[in-house]
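In: I would like to see how this sequence folds:
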Amino acid sequence: MIKSLTIPCKASSFYFKKVEGPHALRSRKVRMELTITQPDDWHLHLRDGVLLEAVAPNSARHFKRAIVMPNLKPPITTTAAAVAYQESILKALPADSDFTPLMTLYLTDTTSPNEIKLARKSGIVFAVKLYPAGATTNSQDGVTDLFGKCLPVLEEMVQHNMPLLVHGEVTDPEVDVFDREKVFINTILRPLVEKLPQLKVVMEHITTLDAVRFVESCTEGYIAATVTPQHLLLNRNALFQGGLQPHNYCLPVLKREIHRQAIVSAVTSGSKRFFLGTDSAPHERQRKECPCGCAGIYNAPVALSLYTKVFEEANALDKLEAFTSFNGPDFYGLPRNKSKIKLIKTPWKVPESYAFASGEIIPMFAGQTLEWLPSIVA
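Out: Numbers count the residues shown, from 1 in each chain. Predicted coordinates:
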């Protein structure tokens, strides 16, 4: 006879379940299950074309909603383009999927305040993304002068409570790549917050102690940050161990161990200022393993397993659900999900690759064994 024991956890709606088999008293083997509100992904790259068709189902399998990045070729700079892109995403999903893509606009030097009005009225655009020109993949059309050319747009965003999502790096070649986030905070982000204190800002995929301290110093509810699994689990040594590791290369680049530890401490503290954003960024294998490889880590299939690993190792599983499922929608002013997802502590092996029409995609931790397996939504 199978015995099941449900253990409620304080300060959260999730619960553990320990499932014991008929010989549990002798073997003491207990399977642990963790049920939480279904998470959303507040920073996701889905690409387009055959790549979109290959990766969209993996995100939809675990996440209820996702903020979809607009850095396509050409970029999603208008509400009309966002509507068309959302339709493409929905067509790429399984027929029974209820995944909702939340769209964004790509900010440029010529974006108009009227476009912000159209975006808010559309009901499908939920944020505007700031890419400093040249900072990352497909950012060549990004902003060159935020305060000189984009201030009217930012002021309009304040009026419509439209968040600005920031890729927080300067692009000055004189600035060391490992210092670009810190310099961005000091020269752009801090002055922006001082100038427009009512503007909601998400500092995306933070990588440094400096970013943690900045977010924590700002008014709660106006400044927040997304955090990726790679920046919680890897430091910059992961780029070079056993030779150059192109599938661990992303932007912002991985940083020193002291920064990784600071980010782990921040997200597992229970702070409402930090929430899940995978920055899952698929590239075809040949575009990663080449003389000038693309930046981006494809983590959508493993992200929930890895976030759970981080919180378990920090003895903070009781704070996991807020990070994955509550802080993001609360910041965006959206309802929390009603559906649930189960995480079962059982070994499973990450596929070596995911094949699609034009090649294959290598996931984060390819071929490795992970301990937490996301199951069908309950």
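In: mind listing the helices for the stretch 51-200 of the chain?
Out: Ranges of helices in the stretch 51-200 of the chain, per DSSP state H, counting those that start in this stretch, are 79-92, 113-122, 146-149, 151-159, 180-184, 190-195.
In: which of those helices sits closest to Ala54?
Out: Closest to Ala54 of these, according to Cβ to Cβ: helix 79-92, at 8.6 Å. C-betas here are computed from N, CA, C, even on glycine.
In: would you map the helices across the stretch 201-350 of the chain?
Out: 209-217, 229-233, 257-267, 285-288, 303-313, 320-321, 327-332.
In: could those go into a markdown table alongside mean neighbour count and mean pLDDT?
Out: A markdown table is the format used below for the helices of the stretch 201-350 of the chain (neighbours: other Cβ atoms under 10 Å; pLDDT from 0 to 100):
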| stretch | mean neighbour count | mean pLDDT |
| --- | --- | --- |
| helix 209-217 | 19 | 98 |
| helix 229-233 | 23 | 98 |
| helix 257-267 | 19 | 98 |
| helix 285-288 | 16 | 97 |
| helix 303-313 | 22 | 98 |
| helix 320-321 | 24 | 98 |
| helix 327-332 | 22 | 98 |
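In: out of those, nearest to Asp96?
Out: helix 303-313 (19.9 Å).
In: of all the helices of the stretch 201-350 of the chain, which one is nearest Thr77?
Out: So among those, helix 327-332 is nearest, using Cβ to Cβ, at 21.3 Å.
In: got the contact list for the closest one?
Out: The contact list for helix 327-332 (Cβ atoms under 8 Å, 6 or more residues apart in numbering) reads 40, 42, 126-127, 163, 200, 202, 221, 224, 226, 272-277, 335-337.
In: swap in stretch 365-378?
Out: 34-35, 38, 61-62, 247, 302, 304-306, 308-309, 312, 339-353.
In: which of the residues you listed fall in strands?
Out: Per DSSP state E, strands hold the following members of the contacts of stretch 365-378: 34-35, 340-349.
In: now the two most distant members of these.
Out: Lys340 and Lys349 (25.1 Å).
In: so those two - more neighbours on which side?
Out: Lys340 (15 against 11; other Cβ atoms under 10 Å).
In: and the pLDDT for that one?
Out: Reported pLDDT at Lys340 in the predicted model: 96.
In: over to Lys3?
Out: With respect to pLDDT, Lys3 scores 38.
In: and what of the one 5 residues further on?
Out: As predicted, Pro8 sits at a pLDDT of 47.
In: next one: Arg31
Out: Taking Arg31 on its own, its pLDDT is 75.
In: tell me what the strand or helix carrying it is packed against?
Out: According to DSSP states H and E, Arg31 maps onto strand 30-37. For strand 30-37, the packing partners by 3 or more Cβ pairs under 8 Å, 6 or more residues apart in numbering; DSSP states H and E come out as strand 15-20, helix 320-321, strand 340-349.
In: ok, of these, where does mean pLDDT dip lowest?
Out: Across the helices and strands packed on strand 30-37, strand 15-20 has the smallest mean pLDDT, namely a mean of 56.
In: circling back: turn the helices of the stretch 201-350 of the chain into JSON lines, including distance to Arg47.
Out: As requested, the helices of the stretch 201-350 of the chain are exported to JSON lines (distance: least, Cβ to Cβ, whole Å):
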{"stretch": "helix 209-217", "distance to Arg47": "26"}
{"stretch": "helix 229-233", "distance to Arg47": "18"}
{"stretch": "helix 257-267", "distance to Arg47": "26"}
{"stretch": "helix 285-288", "distance to Arg47": "11"}
{"stretch": "helix 303-313", "distance to Arg47": "17"}
{"stretch": "helix 320-321", "distance to Arg47": "28"}
{"stretch": "helix 327-332", "distance to Arg47": "22"}
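In: among those helices, which is nearest Ile361?
Out: Taking the helices of the stretch 201-350 of the chain one by one with Cβ to Cβ, helix 285-288 is closest: 6.6 Å.
In: what's the offset of that closest one from the middle of its chain?
Out: Distance, stretch centre to chain centre, for helix 285-288: 22 Å (Cα atoms, centre = their mean, to the nearest Å).
In: check the burial of the closest residue to Phe326 other than its chain neighbours by counting its neighbours.
Out: The shortest distance from Phe326 to any non-neighbouring residue, by Cβ to Cβ, 6 or more residues apart in numbering, is to Arg336 (5.9 Å). Residues contacting Arg336 under the criterion other Cβ under 10 Å number 16.
In: pLDDT score assigned to Arg336?
Out: At Arg336, pLDDT is 98.
In: give the contact list for it.
Out: Arg336 makes contact with 37, 325-326, 329-330 under the criterion Cβ under 8 Å, 6+ apart.
In: over to Met157?
Out: So Met157 contacts 116, 128, 163-164, 199 (Cβ under 8 Å, 6+ apart).
In: many thanks, have a good one.
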